[in-house]
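Enquirer: Quick one, what's the 3D model for this:
(one chain, ligands or ions: 1)
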Amino acid sequence: MLIEEITMRGFEQGVKKTQTVLVPVGSVEEHGNHLPLATDTLQVYELAKRVAETAKVLVAPPIYYGVLRSTRDHPGSVGISAETLRVLIRDIVHSLYRQGLRRFIIISGHGGSMHVAALREVGELLLKELDGIALAVLSILDLVTEEVFQWIETRNDAHAGEVETSVMKFIKPDLVQGTSKAEFPSFPEPILVGNPKKYWPGGVWGDPSKGNEEKGRRLIEHGVAKVCDLIREIEAYPDSIS
Ligand SMILES: [Zn+2]
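Expert: Numbers count the residues shown, from 1 in each chain. Next up, the predicted model:
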């Protein structure tokens, strides 16, 4: 059940069937020259919609914006602060809680470390604030588990490479514009850089030329199965109320 499509009555009926809600979070950031700026949001929302076709779960409208670090200066990247993201998630979860929901899966299409850390931090806060909830925080990178590498060729694929190009070729083929050059940037870690674009000019981390629609279909099917497993797990979690 997609919250953006159901009515007040539909929501009331939905909450009688499930107390679990997926909250998709994306980003608006460069994804090379071949993938759209909202790739992370489009991917995670599509995944959540497909989960809702299989599992009894509510899906909140996606949050389009996320916290950006190394892509922040590339053309079209529009980020928000970690503070704003934490406040936004906190308000939305509190509101969903007042509506009767008790199990929250905050799933991010963007895997940036500061972004995921902000989601985890607010998750910990919500656990203290709200009685009887169970909450999970994950990014779709967590769904790219070992078995996926039987058909995904790039081990250190991280951004706009084989994985994301495959998924977008499957879910939004009309938005994929050719390909971009393979790139494996090297940052001077642990030194933080003020000009990340200099170290990562093309904005790709991986090899987009290895992406195809069939790999995308398999990645989405794998992701849907993993999230359905997580829903079963969180619904059986002892701290949850029912
Ligand atoms: Zn991405």
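
Enquirer: so the closest residue to the ion within the chain is in which element?
Expert: In the chain, the residue that lies nearest the ion is D40 (4.2 Å; C-beta to the ion). Any C-beta I mention is one placed from the backbone N, CA and C, and that applies to glycine too. For D40, the host element (DSSP states H and E) is helix 39-54.

Enquirer: Tell me the residues of this protein that contact the ion?
Expert: T39, D40 (C-beta under 5 Å from the ion).

Enquirer: for the chain, what spans make up the strands?
Expert: 20-25, 58-59, 103-108, 134-139 (DSSP state E).

Enquirer: Just send those strands back as TSV, with mean pLDDT and distance to F184 too.
Expert: Listed next are the strands of the chain as TSV, based on pLDDT from 0 to 100; distance: least, C-beta to C-beta, whole Å:
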stretch	mean pLDDT	distance to F184
strand 20-25	98	26
strand 58-59	98	35
strand 103-108	98	23
strand 134-139	97	20
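
Enquirer: In JSON lines: those, plus distance to Q177 and mean neighbour count.
Expert: JSON lines is the format used below for the strands of the chain (distance: least, C-beta to C-beta, whole Å; neighbours: other C-beta atoms under 10 Å):
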{"stretch": "strand 20-25", "distance to Q177": "24", "mean neighbour count": "26"}
{"stretch": "strand 58-59", "distance to Q177": "28", "mean neighbour count": "23"}
{"stretch": "strand 103-108", "distance to Q177": "25", "mean neighbour count": "26"}
{"stretch": "strand 134-139", "distance to Q177": "25", "mean neighbour count": "20"}
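
Enquirer: Now the helix holding D40: buried residues?
Expert: 39-52 (16 or more other C-beta atoms under 10 Å).
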